[in-house]
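**Q** sequence and predicted model, in that order:
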Amino acid sequence: MTIDTERIFQEHPFARTILERLLEAGYQAVMVGGVVRDALRAQFEGDDEFIPEEVDIATAAHPDEIKKILRDFRIVEVGEAFGVVLVVAPDGRSYEVATFRTEGEYDGRWPATVKLVRSLDEDIRRRDLTINGLAATLDGTVIDRVGGLEDLKAKVIRTIGDPNRRFSEDYLRILRAIRFACVLDGTILPEVSQAMRKHKEGLKKISAERIRDEFLRILSTPRAARGIELLDEHGILELLLPELAQCKGVPQPEKYHPEGDVYTHTLLALRCADKIVRDPLVKFALLVHDVGKPIALQKNNYEHAGGHEVIGEQMAERICRRLRFSTEEMRLIKFLVREHLRIGKFHKMSPGKRATLLSTHENPSAPFERPAARFPYFAKLLELMICDCEASAHRASGWLPVVQELPPLLVRLRELAERERARKLLDGHDLLQMGLSPGPRIREILDAVYDQIFSGKITTREEALALAQQLLQK
């Protein structure tokens, strides 16, 4: 079996250079991991749009030998004790080059010792899943020592060797198994699933940052809803996101939510998001957008869940802090949870309130022709709202009126922005200083100058003043 290396090297020509240099020096060198797996998947599924994001290289050469062979390029020593160096390409992109290695006993997170070896087979057998144990040579020949090729074709999630040993070495591998089940739309083998349940408590030993990153990778797949279901089936959801697990059985008015309880509604909304949302932070916000309902119901004597968005925002902040989200990520998630109800009244708001909500954290450097870039927070809020509505009785009747109000509002905001930009170049005070008396003539000259500014013919204050002077002389 071979993969199309030309497609890989078209995108990453420097990866070819690294492989050629190492091979010419007499050392075995191969591509490993995701690039091989994904290239094979593209061939199996007839995906002509496959573009490799990164290329990892493994070799029999040791770090000192790698540095000598590639000495004419910049090398960053990021993990030389583990046999890993980063080689910087002329275009600035970095490529990980790792020496074949075996690993000693783990503590459930990291290996206690690492031994550099010359054997690819030994290196492959330390890895987690068979589909990640594939390698490919410079000419694209696939090397499979663990049955990864057949498992990839069958979309089977299997560990390399004993699953209990693999998961006890690094408990994060449990989440990785779920992620790849989502990526492949695959099946986790019963013995693997059993080991995941057995070792799930070990996830408590993993740092919040690693948990967060792997959780977001699950949400980044097109089957995030299945990922949540798998987390729940294996008893992991209540460990990582107990606030969502506690939404099970929480009732909702059947008139608005015939789909069922809060947890069921959230999963339906996430399933919708899998079709239209790419940002995992929006999907995460969708997961927690209704976590305030259990407390809100209790506070309201179980009559309604009014105020759940405020409670939910506070809970979302605590969740984000627990999982070590960045300040900017937390700000976005809190905004989405807080405003997910208010946007439903967008078409009933006053023009000023509409403009204020739309312009929250506006990016003035982005053009109005790209509204999602100009108004990123609102664009993400709209995505969340559509998924929320589609998972309830509202469906399009909930989000369509909001969408219909956007075009005229965007036109109006653009006009206001252009007026503001024009005023910075020229205003009535400038004309008064030129000797013009107050009156309608001021507006006539300003409008004439502004027309030239809006058309792009005038871009500086000097040009605006010069045209105004010309008009005054006429």
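**A** Perfect, thanks for sending it. Model, not experiment: these values are computed from the prediction. Numbers count the residues shown, from 1 in each chain.

**Q** okay, now the domains of this protein?
**A** 1-154, 156-240, 260-409, 426-473 (automatic domain parsing).

**Q** now the third one: how far from the chain's centre is it?
**A** Chain-centre distance of domain 260-409: 17 Å, with C-alpha atoms, centre = their mean, to the nearest Å.

**Q** compute the first-to-last residue distance for that domain.
**A** 36 Å (C-alpha to C-alpha, to the nearest Å).

**Q** element containing residue 284, please.
**A** Taking DSSP states H and E as the criterion, residue 284 maps to helix 280-288.

**Q** which residues sit against that helix?
**A** 215-217, 219-220, 224, 228, 241, 243-244, 266, 269-270, 273, 277, 312, 315-316, 319, 329, 332-333, 336-337, 340, 380, 383-384, 387-388 (C-beta atoms under 8 Å, 6 or more residues apart in numbering). The way it works is simple: take the backbone N, C-alpha and C, and place the C-beta from them, glycine included.

**Q** next secondary structure after that helix?
**A** helix 293-299.

**Q** can I get the CA coordinates of that next one in PDB?
**A** Provided in PDB are the C-alpha atoms of helix 293-299 (Å, rounded to 0.1, in the frame of the first residue of the first chain):
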ATOM      1  CA  LYS A 293     -31.500  25.600  34.300                       C
ATOM      2  CA  PRO A 294     -31.400  23.100  37.200                       C
ATOM      3  CA  ILE A 295     -30.600  25.800  39.700                       C
ATOM      4  CA  ALA A 296     -32.900  28.400  38.100                       C
ATOM      5  CA  LEU A 297     -35.800  25.900  38.300                       C
ATOM      6  CA  GLN A 298     -35.100  25.300  42.000                       C
ATOM      7  CA  LYS A 299     -35.000  29.000  42.700                       C
END
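
**Q** just checking, what packs against the helix or strand that it is followed by?
**A** Toward the C-terminal end, the helix or strand that comes next after helix 293-299 (DSSP H and E) is helix 308-322. Here helix 308-322 touches helix 280-288, helix 293-299, helix 327-339, going by 3 or more C-beta pairs under 8 Å, 6 or more residues apart in numbering; DSSP states H and E.

**Q** and the helix holding residue 284 with helix 327-339, angle?
**A** 40 degrees (axes from the mean of the first three to the mean of the last three C-alpha atoms, to 10 degrees).

**Q** got the buried residues for helix 280-288?
**A** 280-288 (16 or more other C-beta atoms under 10 Å).

**Q** where along the stretch 301-450 of the chain do the helices fall?
**A** Secondary structure of the stretch 301-450 of the chain (DSSP state H, counting those that start in this stretch): helices located at 308-322, 327-339, 351-358, 371-374, 376-390, 396-425, 428-433, 440-454.

**Q** most tightly packed of those helices?
**A** Stretch with highest mean neighbour count among those: helix 376-390 (a mean of 22; mean count of other C-beta atoms under 10 Å).

**Q** next, the distance between the ends of stretch 434-442.
**A** Counting by C-alpha to C-alpha, you get 11 Å between the two ends of stretch 434-442.

**Q** again, but for stretch 118-137
**A** The first residue of stretch 118-137 is 16 Å away from its last residue (C-alpha to C-alpha).

**Q** in that stretch, what's buried?
**A** Per 16+ other C-beta under 10 Å, stretch 118-137 contains these buried residues: 120, 123-124, 126-137.

**Q** between the residues you listed, which is nearest residue 47?
**A** residue 131 (16.1 Å; C-beta to C-beta).

**Q** contact partners for the closest one?
**A** Going by C-beta under 8 Å, 6+ apart, residue 131 touches 37, 148, 151-152, 157-158, 180, 184.

**Q** how about low-confidence regions in the stretch 151-300 of the chain?
**A** Along the stretch 151-300 of the chain, no part satisfies pLDDT under 70.

**Q** which one of the buried residues of stretch 118-137 sits closest to residue 403?
**A** Of those, the one sitting nearest to residue 403 (C-beta to C-beta) turns out to be residue 131, at 40.6 Å.

**Q** assign residue 72 to helix, strand or coil.
**A** The three-state label given to residue 72 by DSSP: H, G, I helix; E, B strand; the rest coil is coil.

**Q** run a quick neighbour tally on the residue lying closest to residue 260 once chain neighbours are set aside.
**A** Among residues not flanking residue 260 along the chain, residue 252 sits closest, at 7.5 Å (C-beta to C-beta, 6 or more residues apart in numbering). Other residues lying near residue 252 total 21 when counted by other C-beta atoms under 10 Å.

**Q** sec struct for residue 252, please.
**A** Assignment for residue 252 (three-state DSSP): coil.

**Q** how about it, what does it touch?
**A** Taking C-beta under 8 Å, 6+ apart as the contact definition, residue 252 lies against 260-262, 265, 293, 305.

**Q** fine by me, we can end here.
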